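Colleague: I need the structure of the sequence given here:
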Amino acid sequence: MSKAHALFQLGMDLNQGSSTTQTEENKTAVQDAIKATGSGISNVVNLDDDRKDYFIERDGIRFAGTHLIIDLLGASRLDDLEFIQETLIECVEKSKATLLHIHLHHFTPNGGVSGVAVLAESHISIHTWPEKGYAALDVFMCGDAEPHNAITVLKDAFGPDKVVVDEFRRGKEVG
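Modeller: As a prediction, this is how the structure comes out:
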């Protein structure tokens, strides 16, 4: 299925401009990063599914998605913008999610990075404090995505001394 068709299924029209539509420059940056890492971003939108809300049912509970709050302590390479982008792209791929846009900002003078990978299934956000060896991440995904797979990618990439993960099931009240 084409990316345009997948986005249309999510209520997004690539032919109409919006404040969240990525620029050609951003599209090129994401495509270049995908090529550089050899990643093939997966598309998990299922057109045969009669249910269009992409809620999840697990353990008899219906909810919008899994939200992981991840702290990396004693981590490295938290000031390497390109490496962080490649790592987020790998998180998306391993989680079987669909990358729509990625934006990262490099702060000076400490070199911290803050940003977000916007997904068809929600998002992954990151904020780093390299001088403290600390990174705060937010991984929220709905549908068939597998957000827990991002944890292993983050451990392998940043080599933290400790990882703290809190999990929330979002939208239980709606389900």
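Colleague: okay, CA-based contacts and neighbour counts for the rest of this
Modeller: Noted.
Colleague: where does this structure dip in pLDDT?
Modeller: The chain contains residues with pLDDT under 70 at 1-52, 175.
Colleague: how about 80 then?
Modeller: Counting by pLDDT under 80, the chain contains low-confidence residues at 1-53, 175.
Colleague: quick one, strands of it?
Modeller: Taking DSSP state E as the test, the strands found in the chain are 56-58, 61-63, 65-73, 99-106, 113-119, 122-129, 134-142, 162-170.
Colleague: Generate a markdown table for those, with distance to residue 89 and mean neighbour count as supplementary columns.
Modeller: Below are the strands of the chain laid out as a markdown table (distance: least, Cα to Cα, whole Å; neighbours: other Cα atoms under 10 Å):
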| stretch | distance to residue 89 | mean neighbour count |
| --- | --- | --- |
| strand 56-58 | 23 | 14 |
| strand 61-63 | 25 | 16 |
| strand 65-73 | 17 | 21 |
| strand 99-106 | 8 | 18 |
| strand 113-119 | 8 | 20 |
| strand 122-129 | 10 | 21 |
| strand 134-142 | 13 | 22 |
| strand 162-170 | 20 | 14 |
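Colleague: Turn those strands into TSV, including distance to residue 156.
Modeller: Listed next are these as TSV, based on distance: least, Cα to Cα, whole Å:
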stretch	distance to residue 156
strand 56-58	28
strand 61-63	30
strand 65-73	11
strand 99-106	20
strand 113-119	19
strand 122-129	16
strand 134-142	14
strand 162-170	11
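Colleague: mind checking which of the ones you listed is nearest residue 148?
Modeller: strand 65-73 (7.8 Å; Cα to Cα).
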